[in-house]
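Participant: Predicted structure and sequence below. I'll ask about it afterward.
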Amino acid sequence: MILQKKKMINLNKLKEEQEKLAKKVIIKDDFDKLELIAGVDQNFSGKNIISAIVVCDKDMKIVEKKYAITKVKFPYVPGFLAYREGPVIIEAFSKIENKPDVLMVDGNGILHPSRIGLASHIGILLDQCTIGVSKSFLLGVTKGDEIYVENELRGMKIKLKEGSKPLFVSPGNKISLNTAVDIVKKSVRLPHKLPEPLHLAHRYADELRNNLNRG
């Protein structure tokens, strides 16, 4: 357990909650259309956490963007990112008027020790189709570009730009791995090294942080 602001955080209890939520994750395509794709990314400014969401159309043109800023209430604990960043993502998402068909999350989906990374956790709580796109390799055994955990194919390593570091894509919720990878690849707009919805969300989060720091 971790001491945070004189309050004990029971990680064992949270682990049990993760295991229950993981059973609800759907890793097959469960959406009717693919017209709006959003990206969400987080940034920090002092004791504040910022969540920026950008919704794009199929041509990667911005349809809408919203954000939320809250106080950080949970420490950084590997494997429990959803408890730190999830609440502010949900708040930002609640402000979106054009709900996306797919939401790309800067984090992992089922490529996670408990099979429920940030993208899957958010997907369950929002009942939303989500894709996990991580810049860091969390766990697993690679066979070519495929990533296996306990003999289950949970993710793919992909490069979107020549010479750039790979990204690690995994289903979040309501989507298959193949479809998730296909959507990520089709969302690339060079020279950006991230799929465009995430690139735009990352840039928006940086802008919000800079404005907050100046204020």
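Facilitator: Done, it's in. Residues are numbered from 1 along each chain as shown.
Participant: Packing partners of the strand or helix carrying residue 13?
Facilitator: Residue 13 belongs to helix 11-22 when elements are defined using DSSP states H and E. On a contact count with 3 or more C-beta pairs under 8 Å, 6 or more residues apart in numbering; DSSP states H and E, helix 11-22 meets helix 118-126. All C-beta atoms are positioned from the backbone trio N, CA, C, and that covers glycine.
Participant: tell me the angle of the helix it packs on relative to helix 11-22?
Facilitator: Helix 118-126 and helix 11-22 meet at an angle of 70 degrees, taking axes from the mean of the first three to the mean of the last three C-alpha atoms, to 10 degrees as the criterion.
Participant: Give me the contact list for whatever helix or strand comes next after helix 118-126.
Facilitator: The helix or strand immediately downstream of helix 118-126 is strand 130-134, counting by DSSP H and E. Residues from elsewhere that reach strand 130-134, judged by C-beta atoms under 8 Å, 6 or more residues apart in numbering: 102-111, 117-120, 122-123, 155, 167-175, 180, 183-184, 194-195, 198.
Participant: What is the neighbour count of the residue nearest to residue 165 when sequence neighbours are not counted?
Facilitator: The shortest distance from residue 165 to any non-neighbouring residue, by C-beta to C-beta, 6 or more residues apart in numbering, is to residue 135 (6.9 Å). A count of nearby residues for residue 135, using other C-beta atoms under 10 Å, gives 13.
Participant: how near is residue 135 to residue 198?
Facilitator: Residue 135 sits 10 Å away from residue 198, going by C-beta to C-beta, to the nearest Å.
Participant: How about residue 125?
Facilitator: For residue 125, the distance to residue 198 equals 20 Å [C-beta to C-beta].
Participant: Which residue ranges of the chain form strands?
Facilitator: Taking DSSP state E, the strands of the chain run over residues 2-4, 7-9, 37-45, 48-56, 62-71, 102-106, 130-134, 141-143, 146-149, 152-158, 167-173.
Participant: Give the partner strands of the longest one in its sheet and their orientations.
Facilitator: Each strand that strand 62-71 pairs with, and the sense of that pairing, follows from DSSP bridges: strand 48-56 (antiparallel).
Participant: so where's the longest helix in the protein?
Facilitator: Criterion DSSP state H: the longest helix present in the chain is helix 196-214.
Participant: Specify the beta-bridge partners of the spatially most central residue of the chain.
Facilitator: The centroid of the chain falls nearest to residue 105 when counting by C-alpha atoms, centre = their mean (2.0 Å). The partner list for residue 105 in beta bridges (DSSP bridges) reads residue 40, residue 132.
Participant: Was I right to think it contacts residue 122?
Facilitator: Yes: if you go by C-beta atoms under 8 Å, residue 105 and residue 122 touch, sitting 6.0 Å apart.
Participant: which residues are common contacts for the two?
Facilitator: 89, 130, 172.
Participant: Verify the contact between the first one and residue 42 for me.
Facilitator: Yes: using C-beta under 8 Å, residue 89 is in contact with residue 42, at 7.2 Å.
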